[in-house]
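> When you get a sec, could you give me coordinates for this:
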Amino acid sequence: MVNNYQQSSLGEAIHQRRRSLRITQSLLADISGVGRHTITDIESGRGNPTLAVAQKLLSALGLKFVIEVSTPPEAQSKECS
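Numbers count the residues shown, from 1 in each chain. I've put the predicted structure just below:
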């Protein structure tokens, strides 16, 4: 089953996946090595995790962490002019 979390925030994606796996924040903290309070803050939108913390959480949840860097469409049209 493929889940698309692109349209949600990182915290929402972590929360949704954790709930779908039926694991607690405490268990996710144990599995990922990230503190439970940090997970609470991230899921509620109050946290601003580093890339390393985000990677630990997503990996523990079986999610792939992908960063896409691209030129916005309006910048591309300016380059062609």
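> distance of the residue nearest the centre of the chain from residue 39?
Centroid check for the chain by CA atoms, centre = their mean gives residue 10 as the closest residue, at 3.4 Å. Distance of residue 10 to residue 39, given as CB to CB, to the nearest Å: 11 Å. For the C-beta atoms, the positions are set from N, CA and C on the backbone; glycine is no exception.
> ok, now which ones touch residue 53?
Going by CB atoms under 8 Å, 6 or more residues apart in numbering, residue 53 touches 34, 38, 42.
> Most neighbours among those, which one is it?
residue 42 (24 neighbours; other CB atoms under 10 Å).
> per-residue pLDDT, it?
Note on residue 42: pLDDT of 94.
> what does the helix or strand harbouring residue 12 contact?
According to DSSP states H and E, residue 12 maps onto helix 10-20. Helix 10-20 is contacted by residues 3, 5, 8, 25, 28, 39, 42-45, 47, 49, 54, 57-58, 61-63 when judged by CB under 8 Å, 6+ apart.
> Give me the angle between the helix or strand just after it and helix 10-20.
Where DSSP H and E defines the elements, the next helix or strand beyond helix 10-20 is helix 25-32. Going by axes from the mean of the first three to the mean of the last three CA atoms, to 10 degrees, helix 25-32 is angled at 100 degrees with respect to helix 10-20.
> May I have helix 25-32 as PDB, with CA atoms only?
Extracted C-alpha coordinates of helix 25-32, given in PDB (Å, rounded to 0.1, in the frame of the first residue of the first chain):
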ATOM      1  CA  GLN A  25       4.600   8.200  20.800                       C
ATOM      2  CA  SER A  26       6.600   6.400  23.600                       C
ATOM      3  CA  LEU A  27       7.200   3.400  21.400                       C
ATOM      4  CA  LEU A  28       8.200   5.600  18.400                       C
ATOM      5  CA  ALA A  29      10.600   7.400  20.700                       C
ATOM      6  CA  ASP A  30      12.200   4.100  21.700                       C
ATOM      7  CA  ILE A  31      12.400   2.800  18.100                       C
ATOM      8  CA  SER A  32      13.700   6.100  16.600                       C
END
